[in-house]
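Student: Sharing a model prediction with you, sequence too.
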Amino acid sequence: MAKVTNRKLQAQATYEKIYDAAMSLVEKKGFNNITVKDICEKAGVAVGSFYNYFNSKDDILNETFKKADNFFQDTVASNVDGENAKEKIVNFFIFYAEYCKRDKMDQLKQIYNTSNPMFIKKGRPMQEVLKKIVEEGIEKGEIVTDMNPDDLVRFLFIALRGVIFDWCLYDGGYDLIQFTRDYTERLTKCF
């Protein structure tokens, strides 16, 4: 096992300080309205320190999605359950809704916008976890569709991103988890 040195601990702390400062600014001003200089001032670090951890401001947004992908790969993949594929899809999206609820509402509103290319990036671990559920469901005959697994995963994510977007429009004014459950149960009746 590799020894964690004080230097590594300090580097991780600086990284987190920069990331947290950036997300705080995203929440207040929006991603497109902040600069690397703003992030560094908020974090109390030199601009050069920023570039030790990130290549650009866009890397901050990419890190947000990387954290989500890691959660789905490391936690959801082994914990999503259900008696059949449709129940597993419903439970997958309950995890999705719960994960989204963790973020502050204003941050979530900034992330859910049309200029964010990460939503359509193919092959992300989050998508692959759902794709495995879909493939198993098709193989077992629990899902009957004329779509291939990639297209069905895209179809499902389009719908559920819409749910999160709607919840943001209503400033979290309804029970996201229950709405996600009801919505996904109805959606899975289509196939």
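Tutor: Received the coordinates, thanks. Numbering: from 1, shown residues only.
Student: domain parsing for the chain?
Tutor: 1-56, 57-188 (automatic domain parsing).
Student: Would you mind finding the most buried of the ones you listed?
Tutor: For those, average neighbour numbers computed from mean count of other CB atoms under 10 Å are highest in domain 57-188, which has a mean of 16. All C-beta spots, glycine's among them, are computed from the backbone N, C-alpha and C.
Student: Can you give the distance from that domain to the centre of its chain?
Tutor: In terms of CA atoms, centre = their mean, to the nearest Å, the centre of domain 57-188 is found 8 Å from the chain centre.
Student: what distance separates the start and the end of that domain?
Tutor: 38 Å (CA to CA, to the nearest Å).
Student: where does V90 land in three-state SS?
Tutor: For V90, the assignment made with DSSP: H, G, I helix; E, B strand; the rest coil gives helix.
Student: these two touch, right, it and Y183?
Tutor: No: V90 lies out of contact with Y183 (CB atoms under 8 Å); the separation is 9.2 Å.
Student: and the residue nearest in space to the middle of the chain, how far is that from D74?
Tutor: Residue closest to the average C-alpha location in the chain (CA atoms, centre = their mean): A68, at 4.1 Å. Per CB to CB, to the nearest Å, A68 is found 11 Å from D74.
Student: What is the least confident helix or strand in the chain?
Tutor: In the chain, the helix or strand scored least confidently by mean pLDDT, DSSP states H and E is helix 105-111, which has a mean of 77.
Student: The protein: helices as residue ranges?
Tutor: Per DSSP state H, the chain carries helices over the ranges 6-29, 36-43, 47-53, 58-71, 77-79, 85-102, 105-111, 125-139, 149-169, 176-188.
Student: Compare these and give me the one nearest P117.
Tutor: The minimum distance between P117 and the helices of the chain falls on helix 58-71, with 9.0 Å, by CB to CB.
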